[in-house]
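sequence first, then the predicted structure:
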2 protein chains.
Amino acid sequence: MPNPDTREQLLDVAQGLVQERGFNAFSFKDLAREVGIRTPSVHYHFETKGDLGEALIRRYREQLEDELRALEGRRTARSRLRALIEMYRSTEQKRLACLCGSLASDIDTLPEALRPHVGGYLDRTEEWIAEQIQAGTSAGEFEPAASAADLAVLLMSGLQGALFLGRVRAPSPGPSMLSRVERAFWKLLEG
Amino acid sequence: MPNPDTREQLLDVAQGLVQERGFNAFSFKDLAREVGIRTPSVHYHFETKGDLGEALIRRYREQLEDELRALEGRRTARSRLRALIEMYRSTEQKRLACLCGSLASDIDTLPEALRPHVGGYLDRTEEWIAEQIQAGTSAGEFEPAASAADLAVLLMSGLQGALFLGRVRAPSPGPSMLSRVERAFWKLLEG
DNA sequence: GTCTATAAGTAGATAGAC
DNA sequence: GTCTATCTACTTATAGAC
């Protein structure tokens, strides 16, 4: 039976590598070296690289659902949306892409079985954002200047785009790309 | 002396492959096969893959400058911005990423010499967008809800993000991701 | 300019010992 | 569970003939 510790370690390292370099730019050798085992031992835990990718997305998706559940207690939609944006900010500060954003950019080169899961994650996030905008509007928190669906796509694209583009430049003193996206987004939602 | 035709053909094919698959997911072999020559002949035109990448970005940048120059004749900032968005729409319809967006997503794996050029292209586009927003505001075309710099970052991130995310899903009947980003963006600019 | 031949290195993956 | 040994295929790149 696979040792859960080694398996989790492999997933942790692999996730970091995908978020930093992309799915095609890391190898089982990189993975093995960082965890302190040999390449073929990785295949014991994940038969193929595609299987590893599937486990990676599954875990990432479960973490998302946990985090969204933890936000249910918050009273305002504004506070829930802000918390989601904070998750992206922490990724930005590590100079990483979103796992599924990174996989999205490699979509045409991924094992077929992986692709629907990437879309599933992204759709779920966008859908959740749209729900929050709806809820906040019904509650009188927002006076959105566009439809909830359009605003959700704008925020989602803006956050993912900002993560990619921000990594190209050296860190600079002013507000980050993500902060600028966020600031403009709130104007659109609250006038 | 390199035959300009073969060289251009190689650049055309390579650009398509980068926009479709990313810099690390195509090989000189792919390139050679599509152009109808052998792998080592590609090295006659581009010594290394890094050199090919540099030529690719240079040409893409020159095309951008040509297109922006062609927009100078348009009377309104609104019309100039719309034309830029149309360029992204044509990329979206081909289900491709922006060349430099794709390279941005691979940034940590690129040959060092390439990286500044990727940033140069993205910065130039963002800067141009900010200039148009400024000009349109001065001319009374827009009443922007946020600073020109923030709005430029939002549009740039939104366009690039929409190209990446849109490719994950099958084409659907409703408005595309890019159209939704665009619609929300105009609301922010014009109220 | 393009070719054949070849190099040195890496990829994902498997067989079978311990 | 991890190892050594090995496989096939592929990568970027070079040498040198035509």
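Thanks, I have the structure now.

and chain A, which residues reach DNA strand C?
If contacts are counted using C-beta under 7 Å from any atom of the strand, the residues of chain A sitting beside DNA strand C are A:26-30, A:39-40, A:43, A:47-50. C-beta coordinates here come from the backbone N, C-alpha and C atoms, glycine included.

buried subset of these, written for PyMOL?
In PyMOL, a selection of the buried entries from the residues of chain A next to DNA strand C looks like this (16 or more other C-beta atoms under 10 Å in any protein chain shown):
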select buried, chain A and resi 26+28+30+49
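
return the member of the residues of chain A next to DNA strand C nearest to DNA strand D.
When those are ranked by distance to DNA strand D (C-beta to the nearest atom of the strand), A:Pro40 comes first, at 3.5 Å.

related to what we said a few turns ago, restrict the residues of chain A next to DNA strand C to those near DNA strand D?
When contact is defined as C-beta under 7 Å from any atom of the strand, the residues of chain A next to DNA strand C meet DNA strand D at A:39-40.

which of the residues of chain A next to DNA strand C lies closest to chain B?
Nearest to chain B out of the residues of chain A next to DNA strand C is A:Phe26 (C-beta to the nearest C-beta; 9.2 Å).

in what helix or strand does the nearest residue to the closest one once chain neighbours are set aside lie?
Nearest residue to A:Phe26, sequence neighbours excluded (C-beta to C-beta, 6 or more residues apart in numbering or on different chains): A:Leu17, at 3.8 Å. The secondary structure element spanning A:Leu17 is helix A:4-21 (assigned by DSSP states H and E).

please apply the same query to A:Glu131.
Take DSSP H and E as the rule and A:Glu131 turns out to sit in helix A:115-138.

flag every buried residue along that helix.
A:115, A:117-119, A:121-122, A:125-126, A:128-130, A:132-137.

next SSE after it?
helix A:148-166.

could you see whether chain B lies near that next one?
Yes - in this structure, helix A:148-166 sits against chain B according to C-beta under 8 Å from any C-beta of the partner chain; the contacting residues are A:149-151, A:153-154, A:156-162, A:164-165.

which of those are buried?
By the neighbour-count criterion of 16+ other C-beta under 10 Å, the residues of helix A:148-166 next to chain B include these buried positions: A:149-151, A:153-154, A:156-162, A:164-165.

pretty sure A:Phe185 contacts A:Leu155?
Yes - proximity of A:Phe185 to A:Leu155 meets the contact threshold set by C-beta atoms under 8 Å, at 5.4 Å.

joint contacts of these two?
Shared between the contact lists of A:Phe185 and A:Leu155 (criterion: C-beta atoms under 8 Å, 6 or more residues apart in numbering or on different chains) there are no residues.

between those two, tell me which one has more neighbours.
More crowded of A:Phe185 and A:Leu155, by other C-beta atoms under 10 Å in any protein chain shown: A:Leu155, with 31 against 23.

please give me every residue in contact with that one.
With contacts defined as C-beta under 8 Å, 6+ apart, the neighbours of A:Leu155 are A:129, A:181, A:185.

could the residues you listed go into TSV alongside distance to A:Gly22 and pLDDT?
Rendered in TSV, the data for the contacts of A:Leu155 read as follows (distance: C-beta to C-beta, whole Å; pLDDT from 0 to 100):
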residue	distance to A:Gly22	pLDDT
A:Ile129	25	99
A:Val181	22	98
A:Phe185	27	98
